[in-house]
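1. Got a sequence here, can you model it:
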Amino acid sequence: MLLSGGNLLRQASDYTEPALKTIFAEDFKIGAAVNPMTIQSQEHLLAYHFNSITAENEMKFESLHPLEDIYNFKLADQLVAFARKHHMAMRGHTLVWHNQTTDWLFEDKKGGCVSKETLLARLKSHIQTVVGRYKEDIYAWDVVNEVIADEGEELLRQSKWLD
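-> Numbering: from 1, shown residues only. Below you'll find the model as predicted:
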């Protein structure tokens with residue numbers, strides 16, 4: 001075991017129990033939601049027990065596409081590289097969400113609402129860019145996440161997407 005920041009970290013050789021991914025190999029993937037800190041601090045645990053990972057926030061619109069003409073793939077690329085290194089499946093999360101979407105997507109140059117056509121064109125461009133970048137690495141995408149309201153009379157969650 002290694003000591004890191006006052007915590008004991010297990011190495012792959014420290015595990016004596018069967019790996020969860022092996023126990024359930026015939027049934028389903030064993031996945032974990034991760035971020036760059038988790039893949040660094042828990043690398044051995046993830047590699048031993050899991051055969052699928054999902055990005056926590058690093059593939060959400062706000063993280064990948066903060067400005068209209070700017071993409072930032074650095075953190076998402078780290079997760080994809082980790083999955084590749086450990087022969088894990090990678091799930092993309094998420095292309096459309098009610099939260100963590102940058103305001104520029106919904107606004108024109110004067111700060112007003114864009115037309116439906118402009119919004120859909122921007123969304124299409126975003127999806128084609130992101131999915132195209134990771135087409136060899138991501139086996140499935142959460143395309144639209146949490147659109148259904150969790151309470152109240154309304155069926156759909158209130159958001160700029162619904163507006």
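
2. Near residue 108, how many other residues are there?
-> 11 (other Cβ atoms under 10 Å). Every C-beta, even on glycine, is put in place using the N, C-alpha and C of the backbone.

3. swap that for residue 59, please
-> Count around residue 59 with other Cβ under 10 Å applied: 25.

4. Residue 50 now?
-> 21.

5. what about the residue lying farthest from the centre of the chain, distance to residue 116?
-> Largest separation from the mean C-alpha position in the chain: residue 110, at 31.2 Å (Cα atoms, centre = their mean). Using Cβ to Cβ, to the nearest Å, we find residue 110 at a distance of 17 Å from residue 116.

6. what about stretch 40-53, distance to the chain center?
-> 16 Å (Cα atoms, centre = their mean, to the nearest Å).

7. buried stuff in it?
-> 42, 43, 44, 45, 46, 47, 48, 49, 50, 51, 52, 53 (16 or more other Cβ atoms under 10 Å).

8. what residues are up against the first one?
-> Contacts here follow Cβ atoms under 8 Å, 6 or more residues apart in numbering; on that basis residue 42 touches residue 34.
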